[in-house]
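Participant: after the sequence you'll find the predicted model.
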Amino acid sequence: MGTRRRPLKTVTGVSGAVSVYSAAIDPAVSTVASSIEIAKIAEANKFDALFAADLLTFGAQGAIGAQEPLIFLSALSSVTSHVGLIATVTTTFHHPFNLARLFGTLDHISNGRAAWNAVTSSVGEENYGDQELPSPEQRYARATESLEVVNALFDSWRPGSLTPDGRGGAVLDQDLVVPIDYRGRFFTVRGPLNIPILPQRRPVQFQAGQSEGGIELGARFAEVVFTSLPTLEDAVTYTKRIRTRAAEWGRADGLPLIMSSFHATYGASEEEVGRIVREQAEAFDLDAGRVALEDMFGGGVDLSGLPLDRPIPEHLLPDVTSVNRRRGRVEIFGKLARSGKTLRELIIASKDTGHWAVAGTPEQLADAVQERYDAGVLDVISLGGLADPRTRDFLLNGLLPELRRRGIVGDDYVGDTFRANLELPPLPAIPDRSRGR
């Protein structure tokens, strides 16, 4: 018999809906109310996790950032019992001791369902002082130290530090709670962590960022990388690259898992799909899309006045190394532009911000998912649309049942923690640095 393949894991977003604004002025409605309903639907349909995105500035991408992810997901933890909770939090504007305390607390209150999507932020620096955004190299150097510190703090409670006393209480062995004595370029942290040993030992580590620095960080630390891979070719190239580097770091085979966001356009027939795609293209605001595309190129490109149905001239495309923000997106759209796509095509593509976008019937969409799953370049998929009744119906009664019929997606939770449900390999052993031992 062959080795059992890990089923494709499913995630759905629960933050960033503009409904937060109407709820904010309604004294009878909590700003988390609509997300509670989505969380309950997701768990009833055996989604593996809820994902909370974040941005640190107003109006950058809808209402993303309108609620702080950790507090937001803490609220959702109280109305769910199995689904994982992935919070996006930057390393650039937070101290790692605080991050360890925050995520450690979320892991405890959710009984082992916390995950951290570590990012380095490309916006928001104006809200944390009067300095310019640090370079990508500086941001990833700080992120590396942050993850080193946070992991050391989680591991500062050694196995056996807390044991049952036989009467419903616990016995604390203080010799097994040890300082980390970290000294680096950015941080000096003595430790230990003052949050007890976590249900998962460490929250599941996600990471987003596809520049050179992002790939290095993900290869070294991430258990799941959140990617923007618009084509199968992109997915194969990226997966090979990051897993080769991860192996050089001594990581377990198959790490990190690859997570992609699936931007699906659903239809009951090919004719309906074609009509919806045409209508969406005709209704698309090309002027707003041009501005969004300029942002995909790092914000330093002026595309006004260029003809819509011709490619962008090569000399206007930025050198990735000259860009300080979102280099991964710059690489994606630079590649699309150099492939000969017209400005109009690129503007329309910008609405998916470089993510994997497919239009089709549920069966055709399942074919697209299976292609990547079978190629070994898709381990976790983000499926949106639970807030919209039409999309929710196609997703819950079309795509998901089809993927389960094919044996690609599981039909139940398989463990008591998020780490167990993702079927991740064991964490590395904790070095023995106990006091006096």
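Facilitator: Perfect, I can see it now. Numbers count the residues shown, from 1 in each chain.
Participant: what's the burial count for the nearest residue to Ile109 once chain neighbours are set aside?
Facilitator: Closest residue to Ile109 apart from its sequence neighbours, by Cβ to Cβ, 6 or more residues apart in numbering: Ser77 at 5.7 Å. C-beta coordinates here come from the backbone N, C-alpha and C atoms, glycine included. In terms of burial, Ser77 registers 20 neighbours under the definition other Cβ atoms under 10 Å.
Participant: where's Ser77 relative to Leu50, distance?
Facilitator: Applying Cβ to Cβ, to the nearest Å, the value for Ser77 to Leu50 is 9 Å.
Participant: give me the common contacts of these two.
Facilitator: Taking Cβ atoms under 8 Å, 6 or more residues apart in numbering as the criterion, Ser77 and Leu50 both touch Leu85.
Participant: tell me the bridge partners for Asn117.
Facilitator: Legend: beta-bridge partners of Asn117 under DSSP bridges are Thr88, Phe206.
Participant: which residues touch it?
Facilitator: Under the criterion of Cβ under 8 Å, 6+ apart, the neighbours of Asn117 are 51, 86-89, 206-208, 226.
Participant: still on that earlier bit, and the residue nearest to Ile109, what does it touch?
Facilitator: Counting by Cβ under 8 Å, 6+ apart, Ser77 touches 85, 106, 109-110, 113.
Participant: for the host helix or strand of Glu363, buried residues please.
Facilitator: Here Glu363, judged by DSSP states H and E, is contained in helix 362-374. Buried residues in helix 362-374, defined by neighbour count with 16 or more other Cβ atoms under 10 Å: 362, 364-366, 368-370, 372-373.
Participant: one more: stretch 131-151?
Facilitator: Buried residues in stretch 131-151, defined by neighbour count with 16+ other Cβ under 10 Å: 133-134, 136, 138-151.
Participant: cool, stretch 247-257 as well?
Facilitator: Of the residues in stretch 247-257, 251, 255-257 count as buried by neighbour count, 16+ other Cβ under 10 Å.
Participant: name the nearest residue to Ala66, sequence neighbours excluded.
Facilitator: Val20 (4.7 Å).
Participant: tell me how far that neighbour lies from His263.
Facilitator: For Val20, the distance to His263 (Cβ to Cβ) stands at 22 Å.
Participant: need the contact list for the closest residue to Asp181 other than its chain neighbours.
Facilitator: Of all residues not flanking Asp181 in the chain, Arg190 sits nearest, at 6.0 Å (Cβ to Cβ, 6+ apart). Contact partners of Arg190, counting by Cβ under 8 Å, 6+ apart, are 179-182.
Participant: sorry, back to before: neighbour-wise, which one of the contacts of Asn117 leads?
Facilitator: Taking other Cβ under 10 Å as the neighbour criterion, Ile86 ranks highest of the contacts of Asn117 with 30 neighbours.
Participant: and the host helix or strand of Val330, what's its mean pLDDT?
Facilitator: Using DSSP H and E, the element containing Val330 is helix 327-338. The pLDDT scores in helix 327-338 average 81.
Participant: flag every buried residue along that helix.
Facilitator: By 16+ other Cβ under 10 Å, the buried positions in helix 327-338 come out as 327-337.
Participant: out of the residues you listed, who's nearest Thr417?
Facilitator: For the buried residues of helix 327-338, the residue nearest Thr417 by Cβ to Cβ is Gly328; the value is 30.0 Å.
Participant: quick one: that closest one and Ser211 touch, right?
Facilitator: Yes - counting by Cβ atoms under 8 Å, Gly328 does reach Ser211; the two are 5.1 Å apart.
Participant: could you give me the average pLDDT of the longest strand that the chain contains?
Facilitator: Criterion DSSP state E: the longest strand present in the chain is strand 257-266. Summarised as a single mean, pLDDT over strand 257-266 is 97.
Participant: could you do stretch 356-368 as well?
Facilitator: Stretch 356-368 shows a mean pLDDT of 97.
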